[in-house]
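1. Pasting the sequence and the predicted model now:
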Amino acid sequence: MGSSFVRRRRDEIVRLLEQNGSMGVAELSELFKISPLTVRRDLDALASQGMVRRSYGTVELAERPEHDSSYERERAKRAIAARAAQLIDDGDIVFINTGTTALGALEFVLAENVTFVTNNGRALSSSLPPSSTMILTGGEIRVPKWSMTGDFALANIGQIKAGKCFLSCSGLSAQRGLTTNIAQEMRINELMLENSAFHVVLADSSKIGVDASFSYGSADQIDVLVTDSLMSDEHARLLEQAGVRAILRVDV
């Protein structure tokens, strides 16, 4: 309930900025009847997603949507994360890799008593449902993604059997499947697939049909692909032929 309320408030902040261009922290605090500290937390979360740009006492959209396609991609990622979060049930254990879209699903989870296991150090600053538990894999920290890799991370993931995994990717194609540009994350992602029963991939349409450098999973391992409505019908047909069991396309 709390997580859903926070999500709706942050979406409303973005809509207000679209209308007004920029707003003050004090103005938002009064409008939503929340403390300036809570406003700043909301703005920090939106800034980390590339949605807004902050200056002293004020905030504005990072880019105007009519001029910047990256803004639309960010909106697509949020919509994908929100839809994917609906696939999490009470009591689930869920692997989450270092992808920003996969991690973004945390903000939208309504299920209770969920255990999340991730190698994404940025999870520490994410909104987490109150009844949920976060487990960090540990390992070697790699910036700027704050990903955790190496033998220590692999050993910890290897001891866990999860009901689901949520994976983002650098690319997904029918031919090469799931790919990443980070060699050190390849084995981590492979092990999350191996040690989970149900595989959800979160990828906006700009990733579909793309082959990155390192392959870590085949298309037929994907139970659900959550993407946006801009993915072509041809790509959907090829992925389904390659074994993807379900494709959910969200409107953006």
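-> Okay, I see it.

2. low-confidence ranges in the protein?
-> 1-4, 63-71 (pLDDT under 70).

3. and the most far-flung residue of it relative to its centre, what element?
-> When distances are taken from the C-alpha mean of the chain, E30 lies farthest, 30.2 Å away, according to C-alpha atoms, centre = their mean. For E30, the enclosing helix or strand under DSSP states H and E is helix 25-32.

4. got the buried residues for the following helix or strand past that helix?
-> Using DSSP H and E, the helix or strand that follows helix 25-32 in sequence is helix 36-48. Neighbour-count burial for helix 36-48, counted by 16 or more other C-beta atoms under 10 Å, picks out 39-43, 45-46. For glycine as for every other residue, the C-beta is placed from the backbone atoms N, C-alpha and C.

5. what's helix 36-48 in contact with?
-> Contacts to helix 36-48, defined as C-beta atoms under 8 Å, 6 or more residues apart in numbering, come from residues 6, 9-10, 13-14, 25-26, 28-29, 32, 52-54, 59, 62, 107, 122, 125-127.

6. List every C-alpha atom in it, with coordinates, as PDB.
-> The C-alpha coordinates for helix 36-48 follow below in PDB (Å, rounded to 0.1, in the frame of the first residue of the first chain):
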ATOM      1  CA  PRO A  36      10.500  18.800   2.500                       C
ATOM      2  CA  LEU A  37      12.600  15.800   3.400                       C
ATOM      3  CA  THR A  38      10.100  13.400   1.800                       C
ATOM      4  CA  VAL A  39      10.000  15.600  -1.300                       C
ATOM      5  CA  ARG A  40      13.800  15.400  -1.500                       C
ATOM      6  CA  ARG A  41      13.700  11.600  -1.300                       C
ATOM      7  CA  ASP A  42      11.200  11.500  -4.100                       C
ATOM      8  CA  LEU A  43      13.300  13.800  -6.200                       C
ATOM      9  CA  ASP A  44      16.500  11.800  -5.500                       C
ATOM     10  CA  ALA A  45      14.700   8.600  -6.700                       C
ATOM     11  CA  LEU A  46      13.500  10.400  -9.900                       C
ATOM     12  CA  ALA A  47      16.900  11.900 -10.500                       C
ATOM     13  CA  SER A  48      18.600   8.500 -10.200                       C
END
